[in-house]
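>>> give the three-dimensional model of this entry:
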Amino acid sequence: MYRWVITFIVVFFSDSVAAEYKKVTEEAIFVELTESKELVAPFVNLKVLPEGQIIGQGIGWDVTGTWSWQDGYFCRDLNWGGDELGYDCLEVAILNNRIRFTAQKGTGDTATFRLR
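Numbers count the residues shown, from 1 in each chain. Below is the predicted model of the structure:
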């Protein structure tokens, strides 16, 4: 049921200016970028906590999960409104106050958030 919502968010908020983004490969840099910040997109508000938790709201449903850093990738396991989204390792890239996550180690769908 929620899969179409996820697809909409990923497609709608993807960013085509790939060349300007800088890939983040170190956990310490990722934590520094996201610590005490919210990842915001329309209808989505998330926090990625340094302790390995993900919390927030996505289109009115609770988002919870865990994350770790493995071999230069942000690996997460998410639950959105009761649906398990599963485990995936994502490439992370930064441009100014925008952070981009690309599924399947950089080969899948992309979602971009503002850091606030």
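>>> show me what the helix or strand where residue 77 lies is packed against.
For residue 77, the host element (DSSP states H and E) is strand 73-80. Judged by 3 or more CB pairs under 8 Å, 6 or more residues apart in numbering; DSSP states H and E, strand 73-80 is in contact with strand 53-58, strand 61-70, strand 83-95. C-betas here are computed from N, CA, C, even on glycine.
>>> could these go into CSV alongside distance to residue 112 and mean neighbour count?
Formatted as CSV, those follow (distance: least, CB to CB, whole Å; neighbours: other CB atoms under 10 Å):
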stretch, distance to residue 112, mean neighbour count
strand 53-58, 15, 16
strand 61-70, 16, 16
strand 83-95, 9, 16
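>>> any idea which of the ones you listed gets closest to residue 32?
strand 83-95 (10.5 Å; CB to CB).
>>> please name every helix or strand in contact with the closest one.
strand 22-24, strand 73-80, strand 98-102, helix 103-106.
>>> and the last one, what does it pack against?
Pointing back at helix 103-106 there. If you count contacts as 3+ CB pairs under 8 Å, 6+ apart, helix 103-106 packs onto strand 83-95.
>>> what's the angle from the strand it packs on to strand 61-70?
60 degrees (axes from the mean of the first three to the mean of the last three CA atoms, to 10 degrees).
>>> chain center to strand 83-95, what's the gap?
The chain centroid and the centroid of strand 83-95 are separated by 5 Å, computed with CA atoms, centre = their mean, to the nearest Å.
>>> cool, and stretch 80-89?
That offset, for stretch 80-89, works out to 12 Å (CA atoms, centre = their mean).
>>> now do stretch 107-114
On CA atoms, centre = their mean, the centre of stretch 107-114 falls 7 Å from that of its chain.
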